[in-house]
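Peer 1: Structure for this input, please:
(one chain, ligands or ions: 1)
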Amino acid sequence: MGFKVSALLSAFMLTYLLTAVVFTSAPTCQGKDSTRSPKESCGIWHQDVSNIQEPYPMSLVVSNPYSTPVNLTFTTDIAYRGILLGAMRKIQEKNQNFTFTTEENPDYGPFLVSVNGVPGSAANHTYWELLVTLLNGTTFRPDVGVGCYIPNPHDTVILKYSTWKHEEASTVL
Ligand code: B12
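Peer 2: Numbering: from 1, shown residues only. The predicted structure follows:
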C-alpha cells in the first residue's frame, strides 16, 4: 500500500515537473524571435518605421495667358515619391479655384484635358503643357504625364496653357 502511494506521488511529481519544463521551454515570443527577422514576431508583421519618409512640399502654378490673373499658385504636401496627379487631387479638394479633368489614355495613362474649366482643343492645337521648375531654378518639360511624374521636394510644377505647332505633332513631343 505504502509502495503504491509513493509510486502515485512520484508519478504526480514527474507529471508536474514535465509540465513545467514543457511550458518554460515552449517558444515564447521573445525566445523564438531572436532567430527570426526583426520584422516578424509571433506571426505579426511589424512595419519597419525607421524607413518611412515624411511628405514634402511642392507648388503648383496654373498659367493661362488668357486668364486674369495669368498665374495662380497653390501649395501642398506630397506623399514621399507620390505622383503629381495625387498632389493635384489634394489641391483640388482644398481649393475652390483649382479644378481639372483628365482622360485615360490606354498607353500613357491620364491626359490632362482641362484646368479650371479651360479645355485643350485638338482643333485649335491647344493643350495643357506640363513643365517643372526645380529648387535650383532649372525648368524642364517632363517626358511623362501627370500620372507618372513624381515631384521632387520643393518642385514648382507649371500647368501651362500652350499651343502646339502642326509639325510638332509628327515629331516626339
Ligand atoms: C502629338 C503628341 C502630343 C500632342 C497631342 C495632340 C493631338 N491631339 O494630336 C500634344 C502636344 C497635346 C502632346 C502633349 C503631351 N505629350 Co505628347 N506626344 C505626341 C506624339 C508626338 C504623337 C502622338 C500621336 O499622335 N500618336 C498617334 C495617334 C494615332 O495615336 P493616339 O493614341 O491617338 O495618340 C494620342 C496620344 O498619344 C495622346 N497623347 C499625346 N501625348 C500624350 C501624353 C500623355 C501623358 C498622354 C496620357 C496622352 C498623350 O494624344 C494623341 C492624340 O489624341 C507622341 C510621341 C510619338 N511619336 O508617338 C508624344 C508622347 C505621347 N507625348 C508625351 C508627353 C510626355 C506629353 C506631355 C506630358 C508633354 C508635357 N510635358 O507637357 C503632354 C501631355 C500633357 C497633358 N496635357 O497631359 C510622351 C508620353 C510618354 C509617357 N510615357 O507618358 C510621348 C510618347 C513623347 C515622349 N516624350 O516620349 N503630345
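Peer 1: need the residues of the chain near the ligand, please.
Peer 2: Residues of the chain found near the ligand, taking C-beta under 6 Å from any ligand atom as the criterion, are 105, 107-112, 122, 127-130, 141-146, 148, 164, 169, 171-173. Every residue, glycine included, has its C-beta placed from N, CA and C.
Peer 1: could you flag which of the residues you listed are buried?
Peer 2: Buried members of the residues of the chain next to the ligand, scored by 16 or more other C-beta atoms under 10 Å, are 110-112, 127-130, 142, 145-146.
Peer 1: In those residues, find the pair that's most separated.
Peer 2: The distance between the two most remote of these (C-beta to C-beta) is 14.9 Å, for 110 and 129.
Peer 1: contacts for stretch 61-72?
Peer 2: Identification of contacts with stretch 61-72 by C-beta atoms under 8 Å, 6 or more residues apart in numbering yields 73-74, 97-98, 115-116, 118, 156-161.
Peer 1: tell me the domain ranges of this structure?
Peer 2: The chain is divided into the following domains under automatic domain parsing: 2-49, 53-170.
Peer 1: For these, which has the smallest mean pLDDT value?
Peer 2: When mean pLDDT is averaged over each of the domains of the chain, domain 2-49 scores lowest at a mean of 49.
Peer 1: Output the residue ranges of the strands in the protein, listed in chain order.
Peer 2: Here the chain has its strands, by DSSP state E, at 40-41, 44-45, 56-63, 71-78, 100-105, 109-115, 118-119, 126-133, 139-140, 156-163.
Peer 1: ok and the third one relative to strand 100-105, angle-wise?
Peer 2: Spelled out, it's strand 56-63. Interaxial angle of strand 56-63 relative to strand 100-105 (axes from the mean of the first three to the mean of the last three C-alpha atoms, to 10 degrees): 100 degrees.
Peer 1: For strand 56-63, which strands pair with it and how are they oriented?
Peer 2: Applying DSSP bridges, strand 56-63 is found paired with strand 71-78 (antiparallel), strand 156-163 (parallel).
Peer 1: Return the set of buried residues in it.
Peer 2: 56, 58-63.
Peer 1: and the gap between the residue lying closest to residue 154 once chain neighbours are set aside and residue 159?
Peer 2: Leaving aside its sequence neighbours, residue 154 sits nearest to residue 135 (C-beta to C-beta, 6 or more residues apart in numbering; 4.3 Å). To residue 159, residue 135 is 19 Å away according to C-beta to C-beta, to the nearest Å.
Peer 1: neighbour count winner among the two?
Peer 2: The neighbour count for residue 135 versus residue 159, taken as other C-beta atoms under 10 Å, is higher for residue 159 (23 against 10).
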